[in-house]
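Engineer: I'd like to go over a predicted model; first the sequence, then the structure.
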Amino acid sequence: IFIKNQAAPVRGIAPLVTIQAMEPNSAEWGKNFPNQYSTLLQTADNKTRTTYGGSEPVQKIEADPRLVTIFAGNPFSKDYKDDRGHQNALIDVRETNRLSDKTPGTCYSCKSADNPKLWANMGMEAYDKTPFSEMSKQINNPIGCANCHEANTMRLIITNPALDTALKAQGKDWHTFTRQEMRTVVCANCHVEYYFQGESKLLVFPWKNGTTIEDIEKYYTENGFVDWTHTTSGASMIKMQHPDYELFSASSTHYNAGVSCADCHMPYTRAGAVKFSTHNVKSPLLEPNTSCGACHTDVDYVVNRAKIIQNQVHTTMISTEDALVAAIETIATSAKDPKADPAKIEEARKLHRSAQLRWDFIAAENSMGFHNPTEALRILASATDLARKAQLKALEALQPAK
Amino acid sequence: IFIKNQAAPVRGIAPLVTIQAMEPNSAEWGKNFPNQYSTLLQTADNKTRTTYGGSEPVQKIEADPRLVTIFAGNPFSKDYKDDRGHQNALIDVRETNRLSDKTPGTCYSCKSADNPKLWANMGMEAYDKTPFSEMSKQINNPIGCANCHEANTMRLIITNPALDTALKAQGKDWHTFTRQEMRTVVCANCHVEYYFQGESKLLVFPWKNGTTIEDIEKYYTENGFVDWTHTTSGASMIKMQHPDYELFSASSTHYNAGVSCADCHMPYTRAGAVKFSTHNVKSPLLEPNTSCGACHTDVDYVVNRAKIIQNQVHTTMISTEDALVAAIETIATSAKDPKADPAKIEEARKLHRSAQLRWDFIAAENSMGFHNPTEALRILASATDLARKAQLKALEALQPAK
Amino acid sequence: MKPLVFLGIGCLIVAILTGLYVSDFTVYLGDDPTTCNNCHVMDAVYEGWFHAGHKNAATCNDCHTPHDFIPKYFTKAKSGFNHVTAFTFGHIPEPLRAKPETDEIIQANCVRCHTETVSMVADGQADSGRFCFDCHRTVAHGERGISILPYQDKRR
Ligand SMILES: [Ca+2]
Ligand SMILES: [Ca+2]
């Protein structure tokens, strides 16, 4: 059966049924592509944990109580779980304690295959303005084929208008990207830092100045955006969210070498004699032979290096958190002191904001630094420095002027 | 069997003359090995600078005046040049302003091919006790074949008794090392952190607990060694010196992959049809095609990544230096204050020592972090944190006790 | 009884012959690289070899089989057996990886062709514990991840 080379028609894409443009139901697409569909469904049931990742929805604020102080006043201090497979996106966004009456429809932007059609029909502005509970009625499918592919051609496309806009703002047009670039950029539909702009809660990616942490900080400073006010330090804060794409693409070893997200998270697998991209997207450390083994001969060696890197980043991140907690507490104490110089307290708060958004860029990113080890450590080192400077400034506020 | 499958005579080494054991004069060895000898001589004339290295004796304390504050009280605040090729070792050690009347013979340990024979004849203790100016009479040859090779067999061997002892203290015997391991360990004869033990100024490598920075700090804390007392902060300091081997071997990407110092710094070159190890040891960034090119096809890509890494490390290192300078000045100010709590000042000084020996581990290392990027950044991040903590402790010393 | 035994033996012979026929047995006796590429699981290594430095210098067997007559055919038979059984029964490792014996064979072949070049450095003074292709990682099959993964274009 497998013996000879298979004839071309059996190997390629021979569609059985024609798919409607932006079809929200992945089962329909699955009729043509059973392997991709069945592996997509497997993301529902992944359970294994790795040292710093995996698919268990571990409650992070219990695992690391510093986070409660660090996020004081923000919904993330109430509920912050590790992410799991794409099939769970809808369940998880509906169940999180971070929701409130004011949650906008925007929160569905990265959770459902219904979006492309809804955005096409009602426009993103209208979608984002609709309250979350209201939008729920029209959202029935978790992440699926329509989030990443054009129907029938199966080309990778950008489906989230916010990404299209953000790239345009940088003078980039994704239609000119190579296929290998698309294997990364398609993940940037969702795995990126975002904020809700203005009253209409429009989804925007803060990339106008570029995508490094310094560029993003500059963007928020310029437009005056504030996610929340820290209830202990009083600083105007930014919450970073999953900047996987931004960290990875900041000249990391793998990015510069032309490696894509899909190379590691959707490696080619074989079913019979056919090779296809597994759509069971998960931690590559769970199956390093298929994932890393395609490029690295000595898989034990690279997995071991990955562990060393993650441990180095984790140790450093914990030191940064200790510094942040110290800064927050010192600012709070100084601010209460009637003799404190208010200008200096304000400077200390600005330093707290700068420190924490840097730390969060690495903490909210999902690979414990592996996606870009040296950049992660550079950023954490400067976050620690800024946090300690915030603490020093808060103490200075109590010194009599000379 | 296949690796060693050639009969000895065909192997190309057909000695013309027999060499005396530990022959100090490389020209003698050169009769048998003209390629190795002529490339060794080339290290005399290298002049090109790279962004962070190369072979110009740049005066570091002029390039970066923070170093004057950081090394206050130590000879390195007077003269601290970038290193250059092996042929210059003798000239440079004789000309440095770091010498004084008290300089012991030990300072010649890593500068001359005369050493192996002298150590064999007079013993290392006697050698090290002899004043530098006295030893000068017996030292005529710069670094040469006898520092790395056994005569005639041309086997790589360990010639510095201090290294032999240091390895033994860790339960290691270099006679069991593979050839590939020797291609790294032979550099550890010299490119390692050392100190002068006791009155006799015996050369010792502080490796009993291991070779990470934490192990080395523990060693010095346990045996109470102090290099000098910082004249501004008053702390008991350790000066780190060229821990190239220790940083590289701390599970770096290349070390873990089995790459050796010689692979990058002595890459194979061709003379006619035959290839040999170039003995013109210098920055691999000067000839990356030979150095990196055999393993990495895309040489521009790796050189670019090396630059990015070095820039990240350099930026972080400068922040650490700023933190150290702030700590030093704050401790000095507080220490002068009669109201200061002396116990807290002492704690601040200990923190200063811990911070600075970490920073120096990376600053005195010669690759601007490239030898082990993540470890370098991890160490700098913790150095910054410790320096800021020293500063905070010095301020705390002035607070009235609660 | 007897006819049954003959029938059994006959079937066995037919089965073996069919096996040899469908697995294209005779091609394994030659040195043509397209033989190896017969299995499309080998597409990527074939493509890699085709685009890398040795295409004009060495075929698969120049590197992958020993060069004395008997070991050569022994290796061919052994790995041929592995290949066919693996392929027929679907035990195809993911990804394909050279076995330690294969590494030794390749190394010997590198040295066989490049004896003069490496005469000064491969002098066996101590076991270096590594292979030519630890440094020359791309000479045979091009860049990994580009060649070993099928159907991919490179970004730059
Ligand atoms: Ca997860
Ligand atoms: Ca130099």
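Structural biologist: Right, received. Where do you want to start? Only a predicted model underlies this, so the values are computations on that prediction, with no experimental measurement involved. Ligands and ions are numbered 1, 2, ... in the order given.

Engineer: Which residues are in contact with C:H64?
Structural biologist: Counting by C-beta atoms under 8 Å, 6 or more residues apart in numbering or on different chains, C:H64 touches C:75, C:79, C:102, C:105-106, C:109. In this view, the C-beta of every residue, glycine as well, is placed from N, C-alpha and C.

Engineer: Could you name the specific helix or strand carrying the residue lying closest to A:T106 once chain neighbours are set aside?
Structural biologist: Once flanking residues are discounted, A:T106 sits nearest to A:D128: 4.4 Å by C-beta to C-beta, 6 or more residues apart in numbering or on different chains. Following DSSP states H and E, one finds A:D128 within helix A:124-129.

Engineer: If we go by neighbour counts, what in that helix is buried?
Structural biologist: Buried residues in helix A:124-129, counting neighbours by 16 or more other C-beta atoms under 10 Å in any protein chain shown, are found at A:124, A:127-129.

Engineer: Identify the residue nearest the geometric centre of chain A.
Structural biologist: Centroid check for chain A by C-alpha atoms, centre = their mean gives A:H242 as the closest residue, at 2.3 Å.

Engineer: Next, that residue: secondary structure please.
Structural biologist: Following DSSP: H, G, I helix; E, B strand; the rest coil, the label given to A:H242 is coil.

Engineer: for the stretch 151-300 of chain A, which spans come out with low pLDDT?
Structural biologist: In the predicted model, the stretch 151-300 of chain A carries pLDDT under 70 at residues A:273.

Engineer: so how far is chain B from A:Q20?
Structural biologist: 43 Å (C-beta to the nearest C-beta, to the nearest Å).

Engineer: tell me how far the longest helix seen in chain A is from the chain's mean position?
Structural biologist: Determined from DSSP state H, the single longest helix within chain A is helix A:299-336. From the chain centre to the centre of helix A:299-336 is a distance of 19 Å (C-alpha atoms, centre = their mean, to the nearest Å).

Engineer: on that earlier part again, looking at it, the residue nearest to the centre of chain A is touching A:A363, isn't it?
Structural biologist: No. The pair A:H242 / A:A363 is not scored as a contact, 10.5 Å apart, by C-beta atoms under 8 Å.

Engineer: what's the pLDDT at A:I362?
Structural biologist: pLDDT, A:I362: 98.

Engineer: who are the neighbours in contact with A:K208?
Structural biologist: Per C-beta under 8 Å, 6+ apart, neighbours of A:K208: A:166, A:169-170, A:219.

Engineer: on that earlier part again, the longest helix of chain A close to chain B?
Structural biologist: Yes. Residues of helix A:299-336 contacting chain B under C-beta under 8 Å from any C-beta of the partner chain: A:301, A:304-305, A:308-309, A:312-313, A:315-316, A:319-320, A:323.

Engineer: ok and the residue in the stretch 151-300 of chain A nearest ligand 1?
Structural biologist: A:S283 (6.7 Å; C-beta to the ion).

Engineer: Name the nearest residue to that residue, ignoring sequence neighbours.
Structural biologist: A:G53 (4.6 Å).

Engineer: Go through the buried residues of helix A:124-129 and name the one nearest chain C.
Structural biologist: Checking the buried residues of helix A:124-129 against chain C with C-beta to the nearest C-beta, the nearest one is A:M124 at 29.5 Å.

Engineer: Look up phi and psi at the residue nearest to A:S283.
Structural biologist: Recorded main-chain torsions at A:G53 are phi -150, psi -140, according to degrees, to the nearest 10.

Engineer: circling back to that earlier point, next secondary structure element downstream of the helix holding A:D128?
Structural biologist: helix A:132-135.

Engineer: buried residues in that following helix?
Structural biologist: Those would be A:132, A:135, for helix A:132-135 by 16+ other C-beta under 10 Å.

Engineer: Tell me which residues of the helix or strand just after it come out buried.
Structural biologist: On the C-terminal side of helix A:132-135, the nearest following helix or strand under DSSP H and E is helix A:161-169. Using 16+ other C-beta under 10 Å as the test for burial, helix A:161-169 gives A:161-164, A:166-167.

Engineer: For the stretch 101-250 of chain A, what lies in contact range of chain C?
Structural biologist: Contacts of the stretch 101-250 of chain A with chain C, taken as C-beta under 8 Å from any C-beta, map to A:178-181.

Engineer: Return the closest of those with respect to B:I19.
Structural biologist: Nearest to B:I19 among those: A:Q180, at 55.6 Å, using C-beta to C-beta.

Engineer: Tell me which residues touch the residue of chain A found nearest ligand 2, please.
Structural biologist: Per C-beta to the ion, A:T374 is where chain A lies closest to ligand 2, at 22.6 Å. Counting by C-beta under 8 Å, 6+ apart, A:T374 makes contact with B:308-309, B:312-313, B:373-374, B:377.

Engineer: what do you get for A:K31?
Structural biologist: So A:K31 contacts A:16-17 (C-beta under 8 Å, 6+ apart).

Engineer: before we move on, the earlier item: including distance to B:P342 and pLDDT, could the buried residues of helix A:124-129 go into a markdown table?
Structural biologist: Shown next, in a markdown table, are the buried residues of helix A:124-129 (distance: C-beta to C-beta, whole Å; pLDDT from 0 to 100):
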| residue | distance to B:P342 | pLDDT |
| --- | --- | --- |
| A:M124 | 65 | 97 |
| A:Y127 | 66 | 97 |
| A:D128 | 62 | 97 |
| A:K129 | 64 | 96 |
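
Engineer: rewinding a little: next one: the strand or helix carrying the residue of chain A closest to ligand 2 to chain centre, how far?
Structural biologist: Element membership for A:T374, per DSSP H and E: helix A:373-396. Here helix A:373-396 is found 23 Å from its chain centre; the criterion is C-alpha atoms, centre = their mean.

Engineer: May I have that helix as CSV, with CA atoms only?
Structural biologist: Output of helix A:373-396 as CSV, limited to C-alpha atoms (Å, rounded to 0.1, in the frame of the first residue of the first chain):
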residue,chain,number,x,y,z
PRO,A,373,16.6,34.7,25.4
THR,A,374,19.0,37.6,25.3
GLU,A,375,16.3,40.2,24.6
ALA,A,376,14.3,38.8,27.4
LEU,A,377,17.2,39.0,29.8
ARG,A,378,18.2,42.5,28.6
ILE,A,379,14.7,43.7,29.3
LEU,A,380,14.4,42.1,32.7
ALA,A,381,17.8,43.6,33.7
SER,A,382,16.5,47.0,32.8
ALA,A,383,13.2,46.4,34.5
THR,A,384,15.0,45.5,37.7
ASP,A,385,17.1,48.6,37.5
LEU,A,386,14.1,50.8,36.9
ALA,A,387,12.1,49.2,39.8
ARG,A,388,15.0,49.8,42.2
LYS,A,389,15.3,53.4,40.9
ALA,A,390,11.6,53.8,41.6
GLN,A,391,12.2,52.7,45.2
LEU,A,392,15.2,55.0,45.6
LYS,A,393,13.2,57.9,44.2
ALA,A,394,10.4,57.2,46.7
LEU,A,395,12.9,57.4,49.5
GLU,A,396,14.4,60.5,48.1
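
Engineer: so A:G369 touches A:N311, yeah?
Structural biologist: No. A:G369 lies out of contact with A:N311 (C-beta under 8 Å); the separation is 9.6 Å.

Engineer: How is chain C partitioned into domains?
Structural biologist: C:1-30, C:32-141 (automatic domain parsing).

Engineer: Of those domains, which shows the lowest average pLDDT?
Structural biologist: Taking the mean pLDDT of the domains of chain C, domain C:1-30 comes last: a mean of 62.

Engineer: Not counting residues beside it along the chain, what's closest to the residue in chain C positioned nearest to ligand 2?
Structural biologist: Distances between chain C and ligand 2 by C-beta to the ion are smallest at C:C135, namely 24.9 Å. Using C-beta to C-beta, 6+ apart and skipping residues adjacent in sequence, the residue nearest C:C135 is B:A294, 4.3 Å away.

Engineer: can you pull the contacts of that neighbour?
Structural biologist: Contacts of B:A294 by C-beta under 8 Å, 6+ apart are B:267-268, C:135-136.
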